[in-house]
Structures are given as C-alpha cells and as structure tokens.
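In: Show me how the following folds:
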Amino acid sequence: YHNKYYLVPVGIKKTKIIISSIKMLTRTSLSTSFLSILPCLLSIITTHIPPCTADQQVDDIISWINHLPNGYFNDKLAINPMSNAPFLPATSSSSSPMGVFAKEDIEAEELLMRIPREAFIHVLDMEERKEVDDTWSAFYHNMCLLTKKLKEEMETGEDSPRAPYVRFLKSQQRGQIPALWSAPSKNLLRPLLPYEDPPTEAELANHTPRSNSVDWIDDHLKSTCISPTDPSDEQLVALVKQRGYDDALIPLWDMFNHANGRYTNTRQTSVRDAEGVRVYASKEIRAGDEVFASYDRCADCEFVNLVWGTPEIFRDFGFVEPYPHRYHLEERIWFEIVEVDEKDGDKGNDGDGSGFRVLWDDGITWPDVDNYGNPDREGIEFLEREVTKFESALARMSEVPEEERGMVSQYISTVIFDYKLAIAAAERDLELEEEDEDSSDDDEEEDEVEEDEDEVEEGDYVDDDEYHEEEEEDDDEENENESGRDEL
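Out: Predicted coordinates for the structure are as follows:
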C-alpha cells in the first residue's frame with residue numbers, strides 16, 4: 001500500500017476511520033460480514049483517497065492563500081503541468097514542471113494575486129541578515145539563513161502555519177539545477193558556465209577545474225551551513241536558490257515561469273513590502289496564454305539584467321530561457337539576441353531572414369551604462385574559439401546521464417547557435433565600419449584635391465590682379481610721359 005500510494009492531509013481522517021473500522025471488526029471476529037465488506041474497504045482506500053498529486057497540492061495552496069487575510073488568487077488563472085511547453089525538452093506529465101495559464105481573458109492592470117507577508121518563508125526581518133553588496137559573502141550568508149529557516153518549516157511539517165506550501169516544497173523533484181547534477185554533467189559544464197574565479201593551471205591540466213556555477217554548494221555552504229553528507233540539506237539549498245526571491249520563498253509566485261521580451265505579461269510590487277507582494281497583468285492576456293514573470297527584470301532586480309543572462313538563468317534554474325537571450329562575457333562583449341517579426345518588416349540583421357537581431361551594448365540601446373560597443377576583430381576571434389569549445393563539449397554528450405542529457409544538450413546547442421549569430425552580425429558590422437572608413441578616406445582625399453585646386457585658382461586670381469596692377473602702373477607712367485611731351 002505505502003509503495004504505491006501517498007496519503008494527503010484531506011484523506012488522513014478518512015483513512016483513520018477506515019483503519020479503526022478494520023480494527024473493530026477484527027477484534028470481534030473474522031465473520032462473514034467482515035469478509036463481505038473487505039472488498040468495499042479496499043475499494044475506498046484505492047479510489048477515494050487520491051495520491052498526493054501536484055494538482056492537489058497546488059489547489060491546497062490556492063485555497064489556503066484565499067483564506068488568509070488580504071490573500072487573493074485570481075480565479076481566471078490555473079496552474080497546470082507544462083507537458084507540452086515550447087521552451088522545454090519533452091517530459092512525462094508526471095515530472096513536468098508547472099506553469100500558470102489564463103483560463104479566461106484578463107485585462108491589463110488586473111490584479112492576478114496578492115500574497116501576504118505571513119505566507120512567506122523568509123528572513124527579511126532578521127537582524128542577522130546582511131545587505132547584499134558587490135561581494136558574494138553577504139549573498140551566501142543570507143542564503144544560509146533562509147535555508148535554515150526552510151529546514152525549520154520542513155521539520156514543523158503539518159503544524160506549520162504554512163503547511164500547504166511546505167508540503168509542496170517537500171514534494172519537489174531533486175536535481176533540477178546543475179549544482180545537483182551528476183559528476184559527468186558537472187565536468188562537462190564547468191568550462192561552459194560563468195564562474196567566480198578562473199580555474200588554476202593545475203585544474204585545467206587535470207581537466208577538473210572547479211567552477212562556482214556547479215560547485216557553489218560545496219565551496220560556500222557545506223560544513224559552514226549545511227551537513228557535508230546529508231543530501232536532503234543540499235536539496236533545501238537548491239530550493240532556496242531555485243525558488244527564492246532574494247531572502248524569501250513566496251508561495252504561488254514561485255510557480256510563474258520566466259520569460260522576457262514580448263512574452264512577459266506581469267508586473268509586481270517589491271517582495272520587501274510589509275503587505276506582501278502584489279502581481280498585476282502588465283498587458284491584456286488571452287485565454288489559454290501562459291502568464292510569465294521575469295526573473296531578472298523585476299521590481300527588486302535593479303541592474304541584475306545587465307550582468308545576468310542566459311547562462312546565469314541556466315546555472316541557477318536549470319533551463320534555457322526563451323528569447324531574448326543575453327550574454328555578458330569576460331572579454332568585454334555584451335549582446336542580446338531578440339526575435340523579430342517579419343510581418344513588421346524586420347528581417348533581422350542585414351535582412352538575412354534569420355528571424356533574429358543581435359543588439360550590442362552600443363550606448364544607444366542602453367545609454368546609462370558603460371558600454372562595450374561592437375566586438376572588434378579580437379572579440380570575433382574570441383567568440384569563434386568559444387564556439388569551438390562548445391562544439392567539442394556537444395560531441396561528448398554520451399558521457400552525460402540520459403535524464404540530464406536533454407537540458408545540457410539544449411543549453412550547449414543554444415549557445416552555439418547564438419554565438420554564430422553574433423559572429424555573423426559582428427562580421428557584417430565590422431565590414432560596414434571598414435567600408436565607412438575607406439569611404440571617409442576617399443572623401444578626405446577628394447576634399448584635399450579640391451582644396452589644392454581652389455588654392456591654385458585663388459593663386460591664379462591673385463597673380464592676375466598683380467598683373468593688372470602692373471599694367472595700370474605702366475599706363476600711368478606712359479600718361480605722365482605723354483603729358484610731359486605735350487608740355488614740352
């Protein structure tokens with residue numbers, strides 16, 4: 001029984017009644033009457049007590065939120081499995097991630113949900129909390145605080161005032177982010193993901209460079225915050241990283257999937273507001289559309305979107321985001337790749353019909369930040385080396401376990417595709433710049449020739465004037481001579 005089914009709280013009382021009935025009947029005698037009702041009891045157990053499904057857990061959370069003071073979840077929304085999500089590899093419905101969808105048309109600025117602060121699992125008000133600065137130490141310190149807070153809630157279980165949410169978090173599948181993936185996947189990803197400190201020469205020589213992208217739990221939290229040997233502690237940290245908003249875990253809001261650009265259709269208030277968080281539709285949402293949040297362009301994100309892009313999304317959440325894609329590379333290269341709509345007359349870079357446009361950090365699109373501009377020839381060569389590195393990794397995909405291969409392969413293939421688009425765009429831009437320089441040089445040469453001709457003409461004009469002046473002087477002398485002869 002316990003190997004096949006899981007009990008949910010709504011069915012516990014019913015289960016106790018059934019077990020008490022069985023005990024009462026067995027205490028009397030194994031009579032014909034008991035044997036006759038045994039199939040009925042078994043039928044009740046297997047049909048009337050549902051397994052602990054994700055749908056039931058979500059319904060429990062929605063009901064709990066709606067019963068809290070100031071809690072609200074719009075009944076035009078539904079939270080469903082994303083078995084056919086266009087941005088994810090195919091998965092079975094049982095293990096499919098969840099997504100928020102519109103059941104009915106939703107107007108712009110309509111309130112989608114209001115989650116009061118009392119529903120949060122958070123450390124926002126703790127004295128031990130540190131303000132996050134440019135270093136990682138405060139970030140990991142606060143992550144440790146929230147991990148310990150989550151562990152307390154997990155241990156409290158059904159007695160927690162946030163029991164429906166705790167129940168949902170307990171059921172989350174392990175290994176959703178690269179930090180908890182297998183050793184072969186980590187080994188493949190270490191040189192392909194952003195890292196804090198570059199690997200040492202010895203690590204590179206041994207092909208075992210450590211990267212903050214996949215080793216951050218070991219490097220920053222094991223022994224100092226969590227048990228170095230307990231996998232359940234690792235899962236708590238992963239939940240905080242994957243589902244947390246700064247220093248808080250927020251029920252329902254953490255079920256909205258991420259997207260930027262034309263897909264984003266929500267806006268929200270700060271998670272630090274004393275009242276909690278409120279989420280609104282930022283534009284009209286049609287029935288059947290998915291409702292998205294932005295994980296890096298939010299009320300509390302500040303300048304995260306400038307330094308946090310597609311590789312960081314994959315590192316922290318274990319999925320490849322839909323376009324637009326953003327890359328902030330060490331070689332002072334920053335660019336976004338956006339989808340274009342050819343119906344609007346935009347055929348992409350140089351009209352190549354690719355369906356994408358590459359936007360560089362040119363100081364026009366992002367005027368308030370120090371811009372890198374378009375890559376020069378060295379930058380293009382760096383991107384070409386990166387493509388070679390990623391293609392080499394893609395050829396080693398057989399080393400990756402099958403259950404992780406889909407996401408790893410999708411990430412590597414996406415980066416290769418994006419980098420090739422960027423290289424092609426940079427090459428075209430560089431050629432245009434060189435043509436402009438050649439044209440500018442030609443114009444300068446023409447201007448110099450024209451100036452020389454003008455000087456020659458002007459010089460001729462001056463000489464001619466001098467000639468005429470000399471003629472006039474000669475005429476004056478002749479007139480004087482004639483006048484003298486007349487007088488004589």
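In: Now stretch 129-141: buried residues?
Out: Using 16 or more other CB atoms under 10 Å as the test for burial, stretch 129-141 gives Arg129, Tyr140, His141. (C-beta placed from N, C-alpha, C; glycine too.)
In: quick one, helices of the protein?
Out: 9-28, 32-48, 54-67, 137-156, 163-170, 183-189, 201-205, 212-220, 231-243, 304-307, 310-317, 377-394, 402-487 (DSSP state H).
In: Which of the buried residues of stretch 129-141 sits closest to Trp216?
Out: Closest to Trp216 out of the buried residues of stretch 129-141 is Tyr140 (7.9 Å), distances taken as CB to CB.
In: Tell me how many other residues surround the spatially closest residue to that closest one that is not a sequence neighbour.
Out: Using CB to CB, 6 or more residues apart in numbering and skipping the chain neighbours, the partner closest in space to Tyr140 is His220 (4.5 Å). Neighbour count for His220, taken as other CB atoms under 10 Å: 20.
In: quick one: His220 and Val304, what's the gap?
Out: Separation of His220 from Val304 (CB to CB, to the nearest Å): 19 Å.
In: Gly71 too?
Out: Counting by CB to CB - Gly71 and Val304 are separated by 28 Å.
In: out of these two, which sits in the busier spot?
Out: Per other CB under 10 Å, whichever of Gly71 and Val304 has more neighbours is Gly71, with 20 against 15.
In: what residue ranges in the stretch 101-250 of the chain score low on pLDDT?
Out: The stretch 101-250 of the chain contains residues with pLDDT under 70 at 133-135, 196-210.
In: The stretch 251-400 of the chain too?
Out: In the stretch 251-400 of the chain (pLDDT under 70), the answer is 342-353, 364-370.
In: go again using 90 as the cut-off
Out: Filtered on pLDDT under 90, the stretch 251-400 of the chain yields the residue ranges 261-262, 296-308, 329-332, 340-355, 361-374.
In: Show me what the longest strand belonging to the chain is packed against.
Out: The strand spanning the most residues in the chain, taking DSSP state E as the definition, is strand 333-339. Using 3 or more CB pairs under 8 Å, 6 or more residues apart in numbering; DSSP states H and E, the elements in contact with strand 333-339 are strand 325-329, strand 356-360, helix 377-394, helix 402-487.
In: again, only this time at 7 Å
Out: Packed against strand 333-339 by the contact rule (3 or more CB pairs under 7 Å, 6 or more residues apart in numbering; DSSP states H and E) you find strand 325-329, strand 356-360, helix 402-487.
In: Contacts for that strand, please.
Out: Outside strand 333-339, the residues within contact range by CB atoms under 7 Å, 6 or more residues apart in numbering are 261, 323-328, 355-361, 372, 375, 379, 418, 421-422.
In: Now the buried members of these.
Out: Of the contacts of strand 333-339, these count as buried by 16+ other CB under 10 Å: 261, 323-328, 356-361, 372, 375, 379, 418, 421-422.
In: And Ser160, its phi and psi?
Out: Backbone torsions of Ser160, given as degrees, to the nearest 10, read phi -70, psi 140.
In: Next: Asn70.
Out: Per degrees, to the nearest 10, the backbone of Asn70 is at phi 70, psi 10.
In: quick one: it and Ile115 touch, right?
Out: No: Asn70 lies out of contact with Ile115 (CB atoms under 7 Å); the separation is 9.0 Å.
In: Just want to know which of those two has more residues nearby.
Out: Shown here are Asn70 and Ile115; by other CB under 10 Å, Ile115 has more neighbours (26 against 14).
In: The more buried one: what's it in contact with?
Out: By CB under 7 Å, 6+ apart, the neighbours of Ile115 are Ile65, Gly71, Ile250, Pro251, Leu252, Trp253, Gly276, Val277.
In: leaving aside the residues next to it on the chain, what's closest to the second one?
Out: So that's Gly71. For Gly71, the spatially nearest residue (CB to CB, 6+ apart) is Ile65, at 4.3 Å.
In: Surely the one you found is in contact with Glu118?
Out: No: contact criterion CB under 7 Å: Ile65 and Glu118 do not qualify, at 10.4 Å.
In: When these two are compared, which one has more neighbours?
Out: Ile65 (21 against 12).
In: Ser270 versus the more buried one, what's the distance?
Out: 19 Å.
In: quick one: Val415 and Phe390 touch, right?
Out: Yes: counting by CB under 7 Å, Val415 does reach Phe390; the two are 5.4 Å apart.
In: which one of those two has more residues nearby?
Out: Val415 (24 against 20).
In: Look up how far Leu430 lies from that one.
Out: 22 Å.
In: Next, count neighbours for the closest residue to Asp75 other than its chain neighbours.
Out: Among residues not flanking Asp75 along the chain, Lys103 sits closest, at 7.8 Å (CB to CB, 6+ apart). Neighbours of Lys103 under the rule other CB under 10 Å: 13.
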